[in-house]
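> predicted model and sequence below, questions to follow.
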Amino acid sequence: MSKSLKRKPIKEKIFFTPLHFCQYGVIFLHPFNGNFSTFITRFVNMIDRRSATKTILPLFVSFLVFFIGNKGLAQNGQQLFNQNCASCHHPLKKGTGPALQGLDKRGPWTDRKNLYAWVHNPAAFMAKDPYTQALKNEYGGVMMQGFSNLTEAEIDAIVKYVDDFKPPVTPTVATGGSTETGDNSLLFGILTLILAVVALILLQVNSNLKKLSDDREGIPATEPVPFYRNKAYIALGIVILFLVGGYYTVKGAINLGRNKDYQPEQPIYYSHKVHAGVNQISCLYCHGGAEEGKHANIPSLNTCMNCHMNISEYTGEKIYKEDGTEVNGTAEIQKLYKAVGFEPGKNANTWDMELGKTKPVEWVKIHNLPDHVYFNHAQHVKVGKVQCQTCHGEIQKMDEVKQFADLSMGWCINCHRETKVQFKENGFYSIYEKYHNQLKNGQIDSTKGITADMIGATECQKCHY
């Protein structure tokens, strides 16, 4: 006798999709006019009751990754600009080269492909483009070096940073207060916290909905586990703490000993902007050791007195410290006189250097390299023809000097990989006959030239021996 088989009713399963995640917001943001049971019915019919827990969290994490990734892209554009462009360009001001803001709306660079070609090989592009030839003549015959290492995405990031750049807020009066820096880290942190709370609320709502669904279907309810005893929550918390703690630990270890933007207050307020910028005093007049030896050296006070025997008052534009307080330039000159024992009005060629009447100026060192690193200024300044601004930033625009670059190993190696060596009319490189012959024969592209790493600048023993 055949037995009739009863088929179990097949419960329709609704798969959770990203559309549902958007609909959550519609439900919570839409004005609530009905009763609670109607609201629950709408919500239950939208999702698969048993899959929401497994899907909400991954989507939330993906959203956070996308959200943080956009911030990282903006930071990447700024970092690329500082590493490759800032020594010659400013977004808003003319420098060694033109101001860059709006460059994608001028000349041939309205076509982004032309911009890529220009950045990768300026010499080849300029040979057939009158616009860039005119720019070269306008800026004293200086031509931009090529950056063949930059990808198109990195160039796009630089352009976006330049176009979005806004000048920093500077104090107009001596208030003694701090200025706004535009750092949005706190805002991003608050938004992340809010999104995390929303995710936890959604998980709790899902749990309550599951209980209501089970009650309606007659499934016996189980005793809920408190969140602080829930193994999934505990494991998630541990993973988050591990990732956050590991990130800050590694970041701190990498930056150990790096002092980028370090700007100490000096015993005498010395403005490089006034001396090297306004008065056009050569860097090598004070730091002559940079051309002759390993150290750039701090000039002796005798060097200062060569000019300040006759200049006892400051009559230039007003100078302000970083905190907005005005600097009395004349009073700072008097500190110099006191240090060397000089009294204005007496014989300008002599001053009292008797022990006890003079006091050395205790300058605060800014740039420090680890003891295991060898760096020679003369090798870069005299042989390599590297400008001071490459490593020290626009020093001629700084009042109080700060450390421009982090001077990390990666920063130095990138510079050695990208910087062209001046082979022509440079006797130091005359021994490299192989490269000279390859340049003449066309085996090496003369527009790209010889980079420092091609002659061994990235070998370990060059800096560590």
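Yep, it's here. This structure is a prediction, so every number in the text was calculated from the model and none was measured.
> pull the number of nearby residues for residue 86.
Residues near residue 86, counting by other C-beta atoms under 10 Å, number 19. (Glycine included, C-beta is placed from N, CA and C.)
> er, residue 421 I mean
Using other C-beta under 10 Å, residue 421 has 22 other residues around it.
> repeat for residue 291
Counted with other C-beta under 10 Å, residues neighbouring residue 291 total 15.
> can you tell me the SS state at it?
Three-state call for residue 291 (DSSP: H, G, I helix; E, B strand; the rest coil): helix.
> correct me if wrong: it contacts residue 379.
No - checked against C-beta atoms under 8 Å, the pair residue 291 and residue 379 is beyond contact range at 10.5 Å.
> SS state for the residue nearest the centre of the chain?
Most central in the chain under C-alpha atoms, centre = their mean is residue 79, positioned 3.4 Å from the mean C-alpha point. The three-state label given to residue 79 by three-state DSSP is helix.
> the one 10 residues further on too?
Using three-state DSSP as the criterion, the local structure at residue 89 reads coil.
> isn't it right next to residue 98, touching?
Yes - taking C-beta under 8 Å as the definition, residue 89 is a contact partner of residue 98 at 7.3 Å.
> so the two - more neighbours on which side?
Counting neighbours by other C-beta under 10 Å for residue 89 and for residue 98 shows that residue 89 has the greater number, 21 against 16.
> list the contacts of that one.
By C-beta atoms under 8 Å, 6 or more residues apart in numbering, residue 89 lies in contact with 95-100.
> phi, psi for it please.
phi -120, psi 160 (degrees, to the nearest 10).
> per-residue pLDDT, it?
At residue 89, the model reports a pLDDT of 84.
> hang on, isn't residue 165 packed against residue 93?
No - Residue 165 is beyond contact range of residue 93, at 10.9 Å (criterion: C-beta under 8 Å).
> what about these two, which has more around it?
For the pair residue 165 and residue 93, the greater number of neighbours falls to residue 165 (16 against 13), based on other C-beta under 10 Å.
> flag the shaky bits of the stretch 1-150 of the chain, pLDDT-wise.
Regions of the stretch 1-150 of the chain meeting the criterion pLDDT under 70 cover residues 1-75, 87, 95.
> if we use 50, what do you get?
By pLDDT under 50, the low-scoring segments of the stretch 1-150 of the chain are 1-37, 39-40, 43-44, 46-55, 65, 67-72, 74.
> then the stretch 151-300 of the chain?
Applying pLDDT under 50 to the stretch 151-300 of the chain picks out residues 170-181.
> same thing but at 70, please
For the stretch 151-300 of the chain (pLDDT under 70), the answer is 168-183.
> now do the helices in it.
152-164, 185-217, 231-254, 272, 283-286, 289-292 (DSSP state H, counting those that start in this stretch).
> quick one: the last one to chain centroid distance?
Relative to the mean C-alpha coordinate of its chain, helix 289-292 is positioned 30 Å out (C-alpha atoms, centre = their mean, to the nearest Å).
> just the C-alpha atoms of that helix, please, in CSV.
The C-alpha trace of helix 289-292 is given here as CSV (Å, rounded to 0.1, in the frame of the first residue of the first chain):
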residue,chain,number,x,y,z
GLY,A,289,80.5,74.1,4.4
ALA,A,290,77.6,72.7,2.2
GLU,A,291,79.8,73.2,-0.9
GLU,A,292,83.1,72.1,0.6
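> give me the contacts around that helix.
283-284, 295-297, 377-378, 381-382, 388.
> out of the helices of the stretch 151-300 of the chain, which is closest to residue 113?
helix 152-164 (8.9 Å; C-beta to C-beta).
> out of the helices of the stretch 151-300 of the chain, flag the one nearest residue 142.
Of those, nearest to residue 142 by C-beta to C-beta is helix 283-286, at 17.9 Å.
> what packs against the closest one?
helix 289-292 (3 or more C-beta pairs under 8 Å, 6 or more residues apart in numbering; DSSP states H and E).
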